[in-house]
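# Could you look at this predicted model? Sequence included:
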Amino acid sequence: MTLPACTRAVLLACTLAATAPAPLHADDAAVQAMEAYLDFADYGGGVILSGQIEPVDYPRFFIIDARQASQFEAGALPGAMNIEWRQALARRHEIPRERPVLIYCHTGMLSAQAAFALRVAGWDNVRVLQGGYLEWLRATAAR
């Protein structure tokens, strides 16, 4: 017997809710680290626009393409390494602390989440490419 789509959706939601981890409490180390970061983060400090980077300056960055592998393979910034946004913390040992890091995704939304996690974990050298790959393509075409 096949259940209606709405019933399947409710069952899935109930299953996910029942198996979801307990919410963090204010005294958890992760929440404290985020609070400490947000207390001292400067507005827009982790964001950079394509137009602010001269083409000759891109090699000084360690560039992370935070998109899916298939998107990366279809086109990427020169010299970029593919670390999908959800893997940024798990693969943090591959990310240098001694040089600027530029992270981007398709539009900048997912890379911003990865950058936030890395910055909370101590990588204060991470910048998000505002507008992501699409904006870089537009800026590159305009030059």
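Thanks, I have it.
# From residue 118, how far off is the closest residue to residue 94 other than its chain neighbours?
Nearest non-adjacent residue to residue 94, counting by Cβ to Cβ, 6 or more residues apart in numbering: residue 83, 6.9 Å away. C-beta here means a position set from N, CA and C on the backbone, and glycine is covered the same way. Distance of residue 83 to residue 118, computed by Cβ to Cβ, to the nearest Å: 10 Å.
# burial count for the residue nearest to residue 94?
21 (other Cβ atoms under 10 Å).
# same question, the one 10 residues further on
By the other Cβ under 10 Å criterion, the neighbourhood of residue 93 contains 5 residues.
# just checking, it is part of a helix?
Yes. Under DSSP: H, G, I helix; E, B strand; the rest coil, residue 93 falls within a helix.
# Show the model's pLDDT score for it.
pLDDT, residue 93: 97.
# ditto for the one 3 residues further on
Taken from the predicted model, the pLDDT recorded for residue 96 is 97.
# Which helix or strand contains it?
Assessed by DSSP states H and E, residue 96 sits outside every helix and strand.
# Model confidence for the residue nearest to it when sequence neighbours are not counted, exactly?
Counting by Cβ to Cβ, 6+ apart, residue 62 is the residue found nearest to residue 96 once chain neighbours are left out, at 5.3 Å. What the model reports as pLDDT for residue 62 is 98.
# Likewise for the one 5 residues further on?
Per-residue confidence (pLDDT) for residue 67: 98.
# Verify the stated contact: it with residue 133.
Yes. Using Cβ atoms under 8 Å, residue 67 makes contact with residue 133 at a distance of 7.0 Å.
# intersection of neighbour lists for the two?
Common contact partners of residue 67 and residue 133 (Cβ atoms under 8 Å, 6 or more residues apart in numbering): 105, 106.
# which SS state does residue 124 fall under?
coil.
# What count of nearby residues applies to it?
Around residue 124 there are 15 other residues, counting by other Cβ under 10 Å.
# what's the spacing between it and residue 107?
Counting by Cβ to Cβ - residue 124 and residue 107 are separated by 24 Å.
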